[in-house]
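> Quick one, structure for this:
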Amino acid sequence: MFGIPGKQAVSITPAAAKQIAKLMEKDGSMGLRIGVKKGGCAGMEYTMEYVSEINPMDEMVEQDGARVMIAPMAQMFLFGTEIDYQVSLLESGFKFNNPNVVEACGCGESIKFDETLTAK
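Coordinates of the predicted model:
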């Protein structure tokens, strides 16, 4: 596990927890797994997927009926991230407020991390 003992890797806003819990109930899943993968114009992209079983290697964060698992390879990239859910006139979706991101593309889908994180 990556991070500080006793400190959750990510935090979840009440709006995000409500949406995640709603998605879990609708899909019948155990939660959402969050990760990162290479891609996009800035170099990396977030991934989200429903999970039917919990991987013991995942970091798990539970709050208000929501369960988020963080894939092992993504833990160092996501440590300190706040997951929010925002609704606007034009769109709605999850927003990652990640202190490890040094650059993002215009659409907000692709991100770049500090070179010290990606070199490991």
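
> Longest helix of this protein, counting residues only.
Looking only at the chain and at elements set by DSSP state H, the helix with the highest residue count is helix 14-27.

> I'd like the average pLDDT over that one.
Per-residue pLDDT values across helix 14-27 average out to 94.

> ok and the helix or strand just after that helix relative to helix 14-27, angle-wise?
If you walk from helix 14-27 toward the C-terminus, the next helix or strand you reach (DSSP states H and E) is strand 31-38. Angle of strand 31-38 versus helix 14-27, following axes from the mean of the first three to the mean of the last three CA atoms, to 10 degrees, is 110 degrees.

> in the longest helix of the chain, what counts as buried?
A16, A17, Q19, I20, A21, M24 (16 or more other CB atoms under 10 Å). C-beta: built from backbone N, CA, C; applies to glycine.

> what packs against that helix?
strand 31-38, strand 44-51, strand 66-70, strand 81-87 (3 or more CB pairs under 8 Å, 6 or more residues apart in numbering; DSSP states H and E).

> can you tell me which of the ones you listed comes nearest to E103?
With CB to CB as the measure, strand 44-51 is the member of the helices and strands packed on helix 14-27 nearest E103 (10.0 Å).

> Could you check the closest one and say which residues are buried?
Along strand 44-51, these residues count as buried under the neighbour rule (16+ other CB under 10 Å): M44, E45, Y46, V51.

> For the residue nearest the centre of the chain, list the residues it contacts.
For the chain, I34 is the residue whose C-alpha lies nearest the centre (CA atoms, centre = their mean; 4.4 Å). For I34, the set of contacting residues under the criterion of CB atoms under 8 Å, 6 or more residues apart in numbering consists of V10, Y46, T47, M48, V68, M69, I70, A71, A74, L78, I83.

> ok so, going back, ok, the buried residues of strand 44-51 vs D58, which is closest?
Taking CB to CB as the measure, D58 lies nearest V51 of those, at 8.3 Å.

> Neighbours of M76, how many?
Around M76 there are 18 other residues, counting by other CB atoms under 10 Å.
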